[in-house]
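Student: return a 3D structure for these sequence lines:
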Amino acid sequence: MGNAANPRADSGTVSTEELARTVELLKSSLAASSLASYNAVWKKFQDFVYYVLHMPFVLPVPVDWVLYFVAYLYITNSAHATIATALSVVGYAHKIRNMPDPTMLFIVRRLLQATRKLAQKPDLRRPVTHELLEKMLPAIASLGLSCHDQLLAHAILTVMYTAGFRVGEVASATNGTDHTVLCNEVHFVWDGHAILQYVILLRSYKHSGGQHKTIRITKKQPSIICPVLALTNYLQWRGQYDGFLFQHEIGQVVTDTWVTQLIRDLLKALKMDPTHYSSHSMRIGATTDLVSGGASDGQIRIFGHWKSNAGAKYVRPDEIVV
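Tutor: Numbering: from 1, shown residues only. Below is the predicted model of the structure:
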């Protein structure tokens, strides 16, 4: 397959201006309805190269990177259609610049076909339960993140677990940022001495049908897992300026790729196999813990903002404490 650490000699490192020009080309050639989705996928691919392969971005991209990207999307439980869309975006970015399209190579098309054949695989995603999250959070300090990103990581994981958020509600995902929470959609309840809880408005979420929902996040014990404390610490560092709630120090919105890699890096720090963990593991773990605690089907539907008992597929019986 080749070595991603040694891209083709004819590839050149892409400057910020060059990446911006690609975005402008996309803007001028795509319908507005397609632009947001294409930009989100292109950003996800760039993040994959930076955060997973740890490589500078180059155009045209080496075919190895495309193959690794397909494999990454597959093992993080992306649907075949999602993977096909991602390849279309990568291919389009090359075609519009009159560059060879690596996504049309035989080996890439065969790998895409394989993801279709394996589409009916069982859901192997593992849960991040309360017990596991307590072990993961202290390991954040060992990852070499900036002070800002350490507070960000702590806040985003505790909030995702406590509120049952989908990754697209806290980060930029493949389908864009339509559901991603903004800072001005977060308010706190103050008793004159301390913040008691946060109130988060979900202006939109999967299958919301145009309706919004209010989520209340309250204090939890032990303090290491308390989302109110974690969010307060993060917001004190971040500041209350506009933009997405969860973003890096330079103002860049967090991506689902970054969240998944964060979870996997923490599991590696704990000497655990991260293969079957993804950003959705937070939601799976929280749902499993609710069932373990005796929550009713109705309570689980409210927690996950499901209209049916779809949350049942997230429960991992082997993790239930009786």
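Student: show me where the stretch 201-322 of the chain has strands.
Tutor: Taking DSSP state E, counting those that start in this stretch as the criterion, the stretch 201-322 of the chain carries its strands at 213-218.
Student: now do the helices in it.
Tutor: Taking DSSP state H, counting those that start in this stretch as the criterion, the stretch 201-322 of the chain contains helices spanning 227-238, 256-269, 281-292, 297-303.
Student: what are the buried residues along the first one?
Tutor: The reference is to helix 227-238. 227-235, 238 (16 or more other Cβ atoms under 10 Å). C-beta: built from backbone N, CA, C; applies to glycine.
Student: also stretch 141-151?
Tutor: Taking 16+ other Cβ under 10 Å as the basis for neighbour counts, the residues of stretch 141-151 that come out buried are 145, 149-151.
Student: one step back: just name the most buried of the helices of the stretch 201-322 of the chain.
Tutor: Highest mean neighbour count of those: helix 281-292, a mean of 23 (counted as mean count of other Cβ atoms under 10 Å).
Student: which strands or helices does it pack on?
Tutor: Identification of packing neighbours for helix 281-292 by 3 or more Cβ pairs under 8 Å, 6 or more residues apart in numbering; DSSP states H and E yields helix 130-136, helix 147-163, helix 297-303.
Student: how far does it sit from its chain's centre?
Tutor: If you compare the mean C-alpha spot of helix 281-292 with that of the full chain, they lie 17 Å apart, counting by Cα atoms, centre = their mean, to the nearest Å.
Student: and the angle from it to helix 256-269?
Tutor: 70 degrees (axes from the mean of the first three to the mean of the last three Cα atoms, to 10 degrees).
Student: now helix 281-292: average pLDDT?
Tutor: Per-residue confidence for helix 281-292 averages out to 91 on the pLDDT scale.
Student: render the CA-only coordinates of it in PDB, please.
Tutor: Extracted C-alpha coordinates of helix 281-292, given in PDB (Å, rounded to 0.1, in the frame of the first residue of the first chain):
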ATOM      1  CA  SER A 281     -18.900   5.800  22.500                       C
ATOM      2  CA  MET A 282     -19.900   8.700  24.900                       C
ATOM      3  CA  ARG A 283     -23.600   8.400  24.000                       C
ATOM      4  CA  ILE A 284     -23.500   4.600  24.000                       C
ATOM      5  CA  GLY A 285     -21.900   4.600  27.500                       C
ATOM      6  CA  ALA A 286     -24.300   7.100  28.900                       C
ATOM      7  CA  THR A 287     -27.300   5.200  27.600                       C
ATOM      8  CA  THR A 288     -25.900   1.900  29.000                       C
ATOM      9  CA  ASP A 289     -25.400   3.500  32.400                       C
ATOM     10  CA  LEU A 290     -29.000   4.800  32.400                       C
ATOM     11  CA  VAL A 291     -30.300   1.300  31.800                       C
ATOM     12  CA  SER A 292     -28.000   0.000  34.500                       C
END
